[in-house]
Structure formats: C-alpha cells, structure tokens
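Enquirer: Show me the folded form of this:
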Amino acid sequence: MKRLTRLFLLTIAFMVNTPQGHAGDAPNIILILVEGMSRDSIGCYGSGQPTHHIDQLAKSGVRFETVWSMAADTPTVVTLLTGQYPFRHGWTQHYDLPQFGVHGLNAERFATMARFLNDRGYKTVIGGHWRINDLNRQPDALQQHGFQESCVAVETPTENSGTDTSDATLLINGKTQVVKNQVERVSSFLNDFVQRNHDQPFFIYYPMLTEGFAPNHPETADLKKHRKGKQSKNAAFGIKRIDQLIGNLLDAVKSAGHEENTVILLTGMNATTIGSSQTRDEEALDHVVSDQTLRVPLIVRAPNISSGNRVSPDLIDFTDFLPTVLEFAGLQPERQPQLDGRSFVPSLLGSEDPFQKRSWIHAQLGKLRMVRDWEHMIDTNNRFHDLLEDPEQQQEINPLDKIAPGRRQRLQMIMDRFPKDAAGPFPQGNQNPGDR
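Expert: Residues are numbered from 1 along each chain as shown. A predicted model of the protein is given here:
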C-alpha cells in the first residue's frame, strides 16, 4: 500500500510542469557513474576545489552521506545494473574479460536496468565504459542488455590508457570507429541524443570515460590554489574535467526543454587496486577495504519530488539504484527477478518513516563481506568497529560500551543469512582466474 501511494505521488508530481505538456509522461532518467570520483574530490562534500556544476546539482537536489559501492569496478557495475549483491550474481571480484577470454554478463540470466526501461517504452542509450561483456566477442551485447543506442569504448587485453587526444576505438551503434578524442566523442553523442529525443521518455547511462584526462597537463593558478593536500595537479584537473562534462550534459538537458522532467543521479565508485589473483589474501584486504573506501558520493536531482538543497543521512548501497529507477518509471515487471535493493524514493520525498528505509547496507570483495548500520560495521574477518567514534577503524570497541554487543549480534545475524557465492561469469568447467 505504501509503495502504491508513493507511485501515485510520483505520477502526480510529474504531471505538473511537464516540458512537452504530456500529462502523466514518465520522467527522463540520467544515471552518471564516475570511476575514482571520491567524496573528498567534490566541492559540496568538503573539497577545497570548486566543482561548480556538481555543486549546483546538489543545491537543486539531495546529497547523500552514507552510500556504499562495491570495492572493485566490475562487481560495482553488475550490482548497480541488476539490483543484486555479488553473492547472488557471482561477480565477487574484478574480472578483466578480454584478458581471460570471458564473454561476461549473460543477458538470459540477468535483466539490467536498461532492459526493464526498454520494456516500459523508454529510449535507452549508453555512453562511456561497458566492462561487463567483451564487446570484441559480443558486439551485440549492448542491444541484448536493452540499449537501443550506444557509444562505448572497446577494450582489449593490451589496452593502455592514452591521452585525451590519442586514437581510440569506440563502438557506436554497433559499428567500430577510430576517433581522436573518445571523451569528447562520447560527450557529444549523449548531448545530441538529448537534443533529438522528445517523443518518448529516455534513459541515459553514462559510465564516464576518464582515462588520460590530464597527462602532464599545465597547472593553472586556480587549480594550484584549490587542489587539496597531496592531490596531484593531474587529479585536480581530472575532477575539473569531470565537472565540465557533467555541466555540458546538464546544459543539453536544459536547452532541449527537459529540465523539469528529468531525474539525474550522479554517483562514483572507488575501485581498490587489488587484482583478482590477490583476493585470497584476507589480511591484505583488511588494509584496503573499509567504510571510507566503500563510501561514495551520491547526488540526486528529481524535480517536483524533492525540494532541493538537502542532505540525507539515510543508508544506501548499489543494489538500491535499480528499484529506485523502476519506481520513477512506474514499472513493476511481471517477471521481476529477486532484487536485493530497496528504493530510496522515500528518502527523496523526505519520509521520516524508518520502515520505508534501510537499516543496514552491504558490500563484498572476494570472500570478504561487510555490513554496516548507522554506527557500526562488521566483516567476515571478525572486525567490528564503531564508525562514529573510530571512522578510521583503528581501534577495538570499548569494553564498557554496553550497546555494541547487541549491535554486533544483529549485524552478524544479517550477514549469516546471506547465501553462498553464485558462480562467476565463466563457462561451466572453465577455471576462475581468481582461483589460480
């Protein structure tokens, strides 16, 4: 009943001030995912370096404080698009698909966000990275996963990150094309897509290309003034470049008259440097996987839904994006798979009802599993920390803390309910490279 009430409120909200005047139209949805964009690199999260377009997005939307991605890039992407945890979809660690000769995410087994929205009548497009299928072996994988249009990088086992102007191969609507500037080509492709789509709602998935943003780029006085601590000049230029690309897309949305009927979700992911062959070293994982390495930025602008300029402490992890997007689209598929996530539309609506929100979030890398609530975190290596008192996770819980034992037991019970890991993206009989 509560879900139906939320859907009703969303429908009413998007019937008001719809740019093209089509009352009841589903909103356009843009999901931007930026690898390596940490919270402390963004102005509105406390960085000394201004990120004007991102900060303005936060002022007109909701900024979330406690959001967990997975700890490696391909598990993060699969979790984001399927709404399932790694133990369920099997992508428990990073897989370099071209290197290991693996096809990747099976469209017959897993339905992605784009597939659901395609069924709802959305025009769907991806621009940037697609690392969960080997497009050299499966050039039609994007269509199978629900994307009608695409402009994505084609990765190879020997690929090296080049500069912004180096030759690169893109797969553009099923055809390979060598371009001089892949970042700009993807950006212009998406901006053009926005400008020419007016007859049906659209979904843009923008896992941004960021390689080679600033190799030995000259440092301006502005960058030198604002870059934080030991942040390199290239890193400072990189976040500035990311902010510009986001601004370009926001400008395209506004100039096309879509601003009042477009939901924008901007998030990042922090991938660890641990390779698949090292994930058996649980002691090493202890030193790189923590609450701070899992927490990523999330900013959502949903016109007519949230009042804007608000900060939310609510708990969110990457399984929650799919059910949230489906709720925005008013979609309840007949054959919906088992979803681990929960919609965070109540958080956007400003709900104070704790039963409409999460009370814990989860992440996984290899065999290491982690769960946290608003204050405490536990993992399968028997580490337990008070994140408010000890955010760096360097200390044992104070034995005088009378609340901690009960919290620990609750989190352990949650983790104990998780099933064993499903098979990874490898044909039956093939050896998982992480087990070599």
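Enquirer: Would you map out the domains in the protein?
Expert: By the record's domain assignment, the chain is partitioned as 26-367, 369-420 (automatic domain parsing).
Enquirer: Name the stretch among those domains that sits most buried.
Expert: Mean neighbour count (mean count of other CB atoms under 10 Å) peaks for domain 26-367 among those, with a mean of 19. In this view, the C-beta of every residue, glycine as well, is placed from N, C-alpha and C.
Enquirer: Just confirm Thr210 is within a helix.
Expert: No - counting by DSSP: H, G, I helix; E, B strand; the rest coil, Thr210 is not part of a helix but coil.
Enquirer: didn't it look like it was pressed against Lys240?
Expert: No - checked against CB atoms under 8 Å, the pair Thr210 and Lys240 is beyond contact range at 11.8 Å.
Enquirer: sorry, back to before: could you identify which of the domains of the chain has the lowest mean pLDDT?
Expert: Ranked by mean pLDDT, the domains of the chain bottom out at domain 26-367, with a mean of 86.
Enquirer: Excluding sequence neighbours, find me the nearest residue to Thr79.
Expert: Excluding the flanking residues, the one nearest Thr79 by CB to CB, 6 or more residues apart in numbering is Phe318, at 4.5 Å.
Enquirer: measure the one you found to Gln56 for me?
Expert: Distance of Phe318 to Gln56, given as CB to CB, to the nearest Å: 25 Å.
Enquirer: One more: Lys240?
Expert: Using CB to CB, we find Lys240 at a distance of 15 Å from Gln56.
Enquirer: Ser307 is in contact with Lys59, correct?
Expert: No - if you go by CB under 8 Å, Lys59 and Ser307 don't touch, sitting 11.1 Å apart.
Enquirer: Can you check my assumption that Val125 lies in a helix?
Expert: No - remark: Val125 does not belong to a helix; assigned using three-state DSSP, it is strand.
Enquirer: residue contacts, the closest residue to it other than its chain neighbours?
Expert: With sequence-adjacent residues excluded and distances taken as CB to CB, 6+ apart, Val125 is closest to Glu149, at 4.2 Å. Taking CB atoms under 8 Å, 6 or more residues apart in numbering, we find Glu149 in contact with Lys123, Thr124, Val125, Ile126, Asn173, Phe193.
Enquirer: Looking at those residues, which one is closest to Gln138?
Expert: Ile126 (14.3 Å; CB to CB).
Enquirer: picking up where we left off before, touching, the residue nearest to Thr79 and Val78? I think so.
Expert: No - here Phe318 does not reach Val78: they are 9.4 Å apart, not a contact under CB under 8 Å.
Enquirer: Backbone torsions only: list them for Ile361.
Expert: With angles defined as degrees, to the nearest 10, Ile361 sits at phi -130, psi 160.
Enquirer: As CSV, the contacts of Glu149 with distance to Arg115 would be great.
Expert: Output for these, formatted as CSV (distance: CB to CB, whole Å):
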residue, distance to Arg115
Lys123, 14
Thr124, 9
Val125, 14
Ile126, 12
Asn173, 18
Phe193, 18
